[in-house]
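Trainee: Below: sequence and its predicted model.
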Amino acid sequence: MQDVFRLVKESIPMREAARICGVEADRAGMALCPFHDDHTPSLRLYDDHYYCFGCHAHGDAVDLAAFLTGLRPYMAAKFLLEETGTETGNQ
Ligand SMILES: [Zn+2]
């Protein structure tokens, strides 16, 4: 059951996960932070995690998806896998 988290980490880039959740990053990987009232992009998307220079929020793709969708982490991971059409295999 924990495998969905590993699968997200291995298969879905942070930027892709953010885009699915409605967070669009610019070419430098900066996006408006959903964790605080952001007016200039403060959220930096790295390959496997995010970090906000404004409010210091940080986490991985599942953390961001869970926050933005209101889903529990396991369901948020499943949501990302479904949205990207990633094969989840046997569970
Ligand atoms: Zn922030």
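Mentor: Yep, that arrived. Numbering: from 1, shown residues only.
Trainee: okay, CA-based contacts and neighbour counts for the rest of this
Mentor: OK.
Trainee: burial count for residue 70?
Mentor: Residue 70 has 11 neighbours, counted by other C-alpha atoms under 10 Å.
Trainee: Likewise for residue 46?
Mentor: For residue 46, using other C-alpha under 10 Å, the count is 15.
Trainee: Which pLDDT value goes with the nearest residue to it once chain neighbours are set aside?
Mentor: Residue nearest to residue 46 in three dimensions, not counting chain neighbours: residue 14, with 6.6 Å by C-alpha to C-alpha, 6 or more residues apart in numbering. For residue 14, the pLDDT comes out at 97.
Trainee: and the residue of the chain found nearest the ion, which of the three is it?
Mentor: Of all residues in the chain, residue 55 sits closest to the ion, at 4.0 Å by C-alpha to the ion. Using DSSP: H, G, I helix; E, B strand; the rest coil, the structure places residue 55 in coil.
Trainee: Can we start the residue count at 40 from this point?
Mentor: Done: numbering now begins at 40, and the last item shifts to residue 94.
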